[in-house]
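In: I would like to see how this sequence folds:
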Amino acid sequence: MLQNDAVRNLQYDSEIRVAQQNNAEPRVYDGPISITSQPTTAPERIPLPLPVSTIGNSLPTHRSFNIPMTGYDFLTELPSVHIEQTFELNESLTSVSSENRYVVRSPLGDAIYAASESSTSNNRLLWGAARPFQMHLLDKTHQEALLFRKQFALGAMCCHPKNLEVWTPPGNLMGRVVHSPTFLRPEYFIQDGVTGEPIFCIEGPENSGFCCFCLPKESFFKIHSGGDLRASIDHKWVAGKSQYTTNIYYSDTKLSAKDRALILGAAFLMEYMYFQTRL
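Out: Numbers count the residues shown, from 1 in each chain. Reported below is the predicted structural model:
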């Protein structure tokens, strides 16, 4: 009985509270309202900078560390490069020489370029080392870095000028190596591909200017400009490898990569003119 009365009282109180809430009228301000403050925007929040970790660049400032070297940039700052010819077994089994292959190495022995000749079998059979050819140089990224184009010239008579062009992809003429016929010593000029102006002069041994066969196997070429020695090219026997190598020594440390590439092209021209035995 008491529980029923308590329940009825709870329901009655709830109905009264609900009725009171529903009957309450909203407050309406009839009088004037004074505004004590103007509305303002929230102050702009300045975002905090994100922490970024950086790595110091230990390489020279003129070259960005996050850009890999390609093309003839591999020659930059090298004191010397060495050209080694590779031989194949089938060359000793046939009377016709195959297209030559070379490896251009750094002073530490690392392979910088792989050079491969492109020529016809008829030209190799008829003209020997005087044949026209194209030499493709591939860098470490397996991309063509340089292209050497040699024109046809008789190898036995050095009074006939021999020229070699140095190209870079996708078809830019970097320069030329031009032969200047003399009777006293071999002489060449390295010319700029755009202006045609001579950049370097190459001088070979004395008393060997007329005949290309008069040079000994171990020879030395000086490369100078303005009376100063810039580089040198020699051909020496390497006992450890049982073969001759054509070596380039860059005496001037300020030589640009372009200058070094042109001198490399001159070294390949010397290789064919004076040091090739399959004539």
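In: the stretch 151-279 of the chain: helices as residue ranges?
Out: 257-274 (DSSP state H, counting those that start in this stretch).
In: and the strands in it?
Out: In the stretch 151-279 of the chain, the segments counted as strands under DSSP state E, counting those that start in this stretch are 163-168, 172-179, 187-192, 198-203, 220-225, 228-238, 243-250.
In: tabulate the ones you listed (JSON lines), appending mean neighbour count and distance to residue 86.
Out: Where C-beta positions appear, they are placed from N, C-alpha and C, glycine not excepted. Formatted as JSON lines, these follow (neighbours: other C-beta atoms under 10 Å; distance: least, C-beta to C-beta, whole Å):
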{"stretch": "strand 163-168", "mean neighbour count": "21", "distance to residue 86": "21"}
{"stretch": "strand 172-179", "mean neighbour count": "20", "distance to residue 86": "23"}
{"stretch": "strand 187-192", "mean neighbour count": "20", "distance to residue 86": "26"}
{"stretch": "strand 198-203", "mean neighbour count": "19", "distance to residue 86": "26"}
{"stretch": "strand 220-225", "mean neighbour count": "19", "distance to residue 86": "23"}
{"stretch": "strand 228-238", "mean neighbour count": "16", "distance to residue 86": "14"}
{"stretch": "strand 243-250", "mean neighbour count": "19", "distance to residue 86": "9"}
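In: tabulate the ones you listed (JSON lines), appending distance to residue 137 and mean pLDDT.
Out: Shown next, in JSON lines, are the strands of the stretch 151-279 of the chain (distance: least, C-beta to C-beta, whole Å; pLDDT from 0 to 100):
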{"stretch": "strand 163-168", "distance to residue 137": "10", "mean pLDDT": "95"}
{"stretch": "strand 172-179", "distance to residue 137": "12", "mean pLDDT": "95"}
{"stretch": "strand 187-192", "distance to residue 137": "17", "mean pLDDT": "94"}
{"stretch": "strand 198-203", "distance to residue 137": "20", "mean pLDDT": "95"}
{"stretch": "strand 220-225", "distance to residue 137": "19", "mean pLDDT": "94"}
{"stretch": "strand 228-238", "distance to residue 137": "17", "mean pLDDT": "93"}
{"stretch": "strand 243-250", "distance to residue 137": "14", "mean pLDDT": "94"}
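In: can you lay out those strands as JSON lines showing distance to residue 80?
Out: Converted to JSON lines, those look like this (distance: least, C-beta to C-beta, whole Å):
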{"stretch": "strand 163-168", "distance to residue 80": "19"}
{"stretch": "strand 172-179", "distance to residue 80": "19"}
{"stretch": "strand 187-192", "distance to residue 80": "18"}
{"stretch": "strand 198-203", "distance to residue 80": "17"}
{"stretch": "strand 220-225", "distance to residue 80": "13"}
{"stretch": "strand 228-238", "distance to residue 80": "9"}
{"stretch": "strand 243-250", "distance to residue 80": "5"}
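In: out of these, which is closest to residue 132?
Out: Of all the strands of the stretch 151-279 of the chain, strand 163-168 sits nearest to residue 132, with 10.2 Å by C-beta to C-beta.
In: got the angle for the closest one vs strand 172-179?
Out: Using axes from the mean of the first three to the mean of the last three C-alpha atoms, to 10 degrees, one finds that strand 163-168 and strand 172-179 are set 160 degrees apart in direction.
In: offset the numbering so it begins at 213, please.
Out: Let's use 213 as the start, then, which means that last one is strand 375-380.
In: which elements pack onto strand 375-380?
Out: strand 356-362, strand 384-391, helix 469-486 (3 or more C-beta pairs under 8 Å, 6 or more residues apart in numbering; DSSP states H and E).
In: other residues contacting the first one?
Out: Contact partners of strand 356-362, identified using C-beta atoms under 8 Å, 6 or more residues apart in numbering, comprise 282-284, 286, 325, 343-351, 374-381, 386, 473, 476-477, 480-481, 484.
In: distance of the closest residue to residue 437 other than its chain neighbours relative to residue 329?
Out: Setting aside the residues directly before and after it, residue 437 is nearest to residue 412 in space (C-beta to C-beta, 6 or more residues apart in numbering), at 4.9 Å. According to C-beta to C-beta, to the nearest Å, residue 412 and residue 329 sit 24 Å apart.
In: again, but for residue 354
Out: Residue 354 is 18 Å from residue 329, by C-beta to C-beta.
In: between these two, point out the one with more neighbours.
Out: Applying other C-beta atoms under 10 Å to residue 354 and residue 329 shows that residue 329 carries more neighbours, namely 20 against 7.
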